[in-house]
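Peer 1: A predicted structure for the sequence below; I have some questions about it.
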Amino acid sequence: MKSSIKQLPLAALALAACVGSAQAATKITYDDIPKHIAPFGAVLKHRSFKVTTIDGKTHKGATLFLYGDRLALGRRDGSYEDAIPSGQITRIEIRQFGRFTQYMVWNSDCIPLGAPPVFYPIAIGALAYGIASTPVLLTADAITFFIPPKVYEIVH
């Protein structure tokens, strides 16, 4: 009996993950994107984007560039994918996962290497902040993994 009680939180997490993936998609036209996602010309960062095209290929990225006639995806390593014409897009999924890891990278980048000794207290403070905040940011990112994606079916 006690072992089944210990497995209850795991079962609840699995159920939450399954329920989130069963959500219906919102059907919109490409011209409706400014009403539902962001205005054309906007750049959405630090999320997980998945774009499906007419031929069934999926394109994934962490940055979404929205244009009136196309969209483009940027990857976490800084590289970019070729723009996808609006007529080729059939589905856009937006997940919140990965939203907080940017701050962990920023915390590690604030330490100046080779700086004069006058900057050491600042570097130590930045390092202490990074060490203290990383568990919180990892926990927040783990929670966003279970938030269901916003799914938009693009009708032509």
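Peer 2: That came in fine, so what should we check first?
Peer 1: contacts, neighbours, all on C-alpha from now
Peer 2: Noted.
Peer 1: who's in contact with the residue nearest the centre of the chain?
Peer 2: Nearest residue to the geometric centre of the chain (Cα atoms, centre = their mean): Arg47, 1.6 Å. Counting by Cα atoms under 8 Å, 6 or more residues apart in numbering, Arg47 touches Ala62, Thr63, Ile94, Arg95, Gln96, Phe97, Gly98, Arg99.
Peer 1: Please convert those residues to CSV, extending it with distance to Pro34.
Peer 2: Below are the contacts of Arg47 laid out as CSV (distance: Cα to Cα, whole Å):
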residue, distance to Pro34
Ala62, 19
Thr63, 16
Ile94, 15
Arg95, 18
Gln96, 19
Phe97, 22
Gly98, 23
Arg99, 21
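Peer 1: just to revisit the earlier point, can you say which helix or strand has the residue nearest to the centre of the chain in it?
Peer 2: In this structure, Arg47 is located in strand 43-53 according to DSSP states H and E.
Peer 1: what's the answer for Ile131, then?
Peer 2: helix 120-144.
Peer 1: For that helix, name the packing helices and strands.
Peer 2: Packed against helix 120-144 by the contact rule (3 or more Cα pairs under 8 Å, 6 or more residues apart in numbering; DSSP states H and E) you find helix 101-109.
Peer 1: Following the chain onward from the strand holding Arg47, which element is next?
Peer 2: Counting by DSSP H and E, what follows strand 43-53 is strand 58-66.
Peer 1: list the buried ones in that next one?
Peer 2: His59, Lys60, Gly61, Ala62, Thr63, Leu64, Phe65, Leu66 (16 or more other Cα atoms under 10 Å).
Peer 1: orientation of it relative to strand 43-53 in degrees?
Peer 2: Interaxial angle, strand 58-66 versus strand 43-53 (axes from the mean of the first three to the mean of the last three Cα atoms, to 10 degrees): 140 degrees.
Peer 1: what is the mean pLDDT for the first helix or strand past strand 58-66 going along the chain?
Peer 2: Once strand 58-66 ends, the next helix or strand along the chain (criterion: DSSP H and E) is strand 70-74. Mean per-residue pLDDT for strand 70-74: 94.
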